[in-house]
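Visitor: Compute the structure for the input listed below.
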Amino acid sequence: MEAAAHAEREKKLAALGSVLAAIVLVSLKVFLAAETGSLGVLSEALHSGLDLVAAVFTYLSVRVSDKPADTIHTYGHGKVENFSALFETGLLLLTAVYVIWEAFQRLLFVHVTLRPSLFAVLILGLAMVIDWTRSRALARVARRHESDALEADALHFSTDVWSTLAVLIGMSAVWLGHRLGVAWLRFADPLSALVVAGVIVWIGSRLGKRTVDALLDAAPSGLVDRIRESVEAGEGMLSVERVRVRRAGNRHFVDVTITVPRQLSIEQAHDLTVEVEARVQRVVSGEVMVHVEPRRDSAEGIFDRVRAVAQRAGMPVHEISAQQLDGRLLVDLHLEVDERLSLADAHRRATDLEESLRGELNPQAEINIHIEPLGLLVAGAEENKELEAAIQQRLDGLRAEYPELADCHQIHARRVEHRVQVSCHCSFEGNLPITRVHDITVALEGRLRRDFPEIDRITIHPEPLGEA
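Guide: Next up is the predicted model:
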């Protein structure tokens, strides 16, 4: 917030300084035009008069453009700066048209007697210094804060330097013609005015194109490609489908559409969007919107496909297994359902999942679904210390049979709604394959169920030795 306030204050001061400089220049050039009768000086006075109007408009636009977004202007007020730049372009071109018209009148039809002097030359030189100084100051602030309005002002005033130089040369040529008696040098003044008009048209056309592009939401040249390359360098997505960029004042709004494997969870997809936003911000600062589209990956295996179908239906599954038997696909899995459902409702959900899986895998596939409660309710429990001690003793005795088993600890035996549930931690060497560890824990569960038939559920947590 403090940085934004500083930027806003700096932009306002730059725009206000431009207004004050324009007032000084208009006063000097109007006085000089009246004294000399020079069309070149008159065109410069008109040019500076429009500069004053443009500077005031720029100052007002800068004050408005930095206002935060509201319920009506949801993208902020940055376009005001672009509109200000377009307004300045129009003023520049109107000035050029008038100067061209008047120059041809003086070249072809009307003779105007000029009164050049050394004083007029000095005044024009002072005007050039003022124009150069304020143009540099405005350009510096415009680059720092990416302000179209201030940049337009800077370009506008940079034309004054060259146009004033052209007028200065024209007036010097007229003055020299008077001193040497060379009559045709009187045309130097309208010719210098045409040079001024040409500079105005050239700068105005460049500024106008950029401004119209911004108002029509044209993406800055090369920016879309740079954003796409940055996003595609990340991992976890399948492709970058679309990148769109629009600009309002000094703010960019970027929309990126990416495709991701459909089995990703919502949290995983969200984490991926955060990474994409960060990658876009490395290329251009602004507001980034990332749209995620789930797609089937060409390398997606059968188990990923089962999980993707179940996830799309909002059905948690586990214990997935698949076999090929005589050309038939057999799939077994466990489906967790709300424990408050009746058998009929739970079976209906399982049937829906079966049909979806056949449509995804194979219409002739044999799907066998074990239904179990999801476990949404937190039940009360009673601890059984005697059973815990007996289980501890039994597991310690099994270590000789399974040498990979280092120890078992944190054993808990609880009675939950007339059922006994047991959990414990078992330590193994960290370099053991997880498949071997799983085989051992399954064997341990089987031995405990056989020795303690009252146990309804056993959960064994394997962990590397020394990381308990």
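
Visitor: and L341, which of the three is it?
Guide: The three-state label given to L341 by DSSP: H, G, I helix; E, B strand; the rest coil is coil.

Visitor: From L361, how far off is the closest residue to it other than its chain neighbours?
Guide: Distances taken as Cβ to Cβ, 6 or more residues apart in numbering put R349 closest to L341, at 7.6 Å, once the chain neighbours are dropped. Every C-beta, even on glycine, is put in place using the N, C-alpha and C of the backbone. Distance, R349 to L361, by Cβ to Cβ, to the nearest Å: 18 Å.

Visitor: pLDDT weak spots in the stretch 151-300 of the chain?
Guide: For the stretch 151-300 of the chain, the stretches with pLDDT under 70 are 152-153, 155-156, 159, 163, 249-250.

Visitor: Show me the helices in it, by range?
Guide: Counting by DSSP state H, counting those that start in this stretch, the stretch 151-300 of the chain has these helices, from start to end: 188-215, 223-232, 266-283.

Visitor: right, and the ones you listed - which one's nearest I302?
Guide: I302 sits nearest to helix 266-283 of all the helices of the stretch 151-300 of the chain, at 20.4 Å, using Cβ to Cβ.

Visitor: Would you mind confirming that the residue nearest to L341 is in contact with V337?
Guide: Yes. Between R349 and V337 there is a contact under Cβ atoms under 8 Å: 5.8 Å.

Visitor: Now list whatever residues contact both of the two.
Guide: Counting by Cβ atoms under 8 Å, 6 or more residues apart in numbering, the residues touching both R349 and V337 are M315.

Visitor: Dihedrals phi and psi, the residue of the chain most remote from its centre?
Guide: The outermost residue of the chain, judged against the average C-alpha position, is G181 (66.9 Å), by Cα atoms, centre = their mean. Here is the backbone geometry of G181 (degrees, to the nearest 10): phi 70, psi 30.

Visitor: What separation do you get for it and A120?
Guide: From G181 across to A120, the span is 20 Å (Cβ to Cβ).

Visitor: quick one on the thing from earlier: hey, which of the helices of the stretch 151-300 of the chain is tucked in deepest?
Guide: Among the helices of the stretch 151-300 of the chain, the stretch with the highest mean neighbour count (mean count of other Cβ atoms under 10 Å) is helix 188-215, at a mean of 21.

Visitor: got the domain boundaries for this structure?
Guide: As given by automatic domain parsing, the domain ranges for the chain are 2-215, 223-295, 302-373, 382-464.

Visitor: Pick the most buried one from the ones you listed.
Guide: Most buried of the domains of the chain, by mean neighbour count (mean count of other Cβ under 10 Å): domain 2-215, with a mean of 19.

Visitor: Mind listing the residues bridging to R328?
Guide: For R328, the beta-bridge partners are L325 (DSSP bridges).

Visitor: who's the residue sitting nearest the centre point of the chain bridged to?
Guide: Note on the chain: the residue nearest the mean C-alpha position is V288, at 2.7 Å, using Cα atoms, centre = their mean. According to DSSP bridges, the partner residues bridging V288 are V254.

Visitor: Touching, it and I258? I think so.
Guide: No. V288 is beyond contact range of I258, at 11.8 Å (criterion: Cβ under 8 Å).

Visitor: Name the residues contacting each of those two.
Guide: Common neighbours of V288 and I258, counting by Cβ under 8 Å, 6+ apart, are V276.

Visitor: All the strands of the stretch 251-400 of the chain, in order from the start?
Guide: Counting by DSSP state E, counting those that start in this stretch, the stretch 251-400 of the chain has strands at residues 251-261, 286-295, 317-325, 328-337, 366-373, 382-383.

Visitor: Which other helices and strands does the last one contact?
Guide: This means strand 382-383. For strand 382-383, the contact count by 3 or more Cβ pairs under 8 Å, 6 or more residues apart in numbering; DSSP states H and E identifies strand 405-416 as packing neighbours.

Visitor: In this structure P68 contacts G76, no?
Guide: Yes. Contact criterion Cβ under 8 Å: P68 and G76 qualify, at 6.7 Å.

Visitor: Distance-wise, check K29 relative to A278.
Guide: 52 Å.

Visitor: Over to P464?
Guide: Distance of P464 to A278, computed by Cβ to Cβ: 33 Å.

Visitor: now V337
Guide: 39 Å.

Visitor: repeat for V199
Guide: Remark: distance between V199 and A278 (Cβ to Cβ) = 44 Å.

Visitor: ok, now P190?
Guide: Taken as Cβ to Cβ, the span from P190 to A278 is 59 Å.

Visitor: nearest to V161, of the helices of the stretch 151-300 of the chain?
Guide: Closest to V161 of the helices of the stretch 151-300 of the chain, according to Cβ to Cβ: helix 188-215, at 9.5 Å.

Visitor: Tell me how far that closest one lies from the chain's centre.
Guide: Distance, stretch centre to chain centre, for helix 188-215: 34 Å (Cα atoms, centre = their mean, to the nearest Å).

Visitor: Which secondary structure elements does it sit against?
Guide: helix 39-65, helix 79-108, helix 148-180.

Visitor: got these as a markdown table, with distance to L374 columns?
Guide: Compiled in a markdown table, the helices and strands packed on helix 188-215 are given as follows (distance: least, Cβ to Cβ, whole Å):
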| stretch | distance to L374 |
| --- | --- |
| helix 39-65 | 53 |
| helix 79-108 | 51 |
| helix 148-180 | 56 |
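
Visitor: closest one to R419 among those?
Guide: helix 79-108 (66.0 Å).

Visitor: how far does the helix or strand following the closest one sit from the chain's center?
Guide: Later in the chain than helix 79-108, the nearest helix or strand by DSSP states H and E is helix 118-145. With Cα atoms, centre = their mean as the basis, helix 118-145 stands 37 Å off its chain's centre.

Visitor: the inter-axis angle of helix 118-145 versus helix 148-180?
Guide: For helix 118-145 against helix 148-180, the angle between stretch directions is 160 degrees (axes from the mean of the first three to the mean of the last three Cα atoms, to 10 degrees).

Visitor: What's the mean pLDDT across helix 118-145?
Guide: Here helix 118-145 scores 78 as its mean pLDDT.

Visitor: what does stretch 429-449 give?
Guide: pLDDT averaged over stretch 429-449 gives 92.

Visitor: Same check on stretch 29-40?
Guide: The average pLDDT for stretch 29-40 rounds to 71.

Visitor: low-confidence ranges in the stretch 301-450 of the chain?
Guide: If you take pLDDT under 70 as the line, the stretch 301-450 of the chain has these spans: 375-380.
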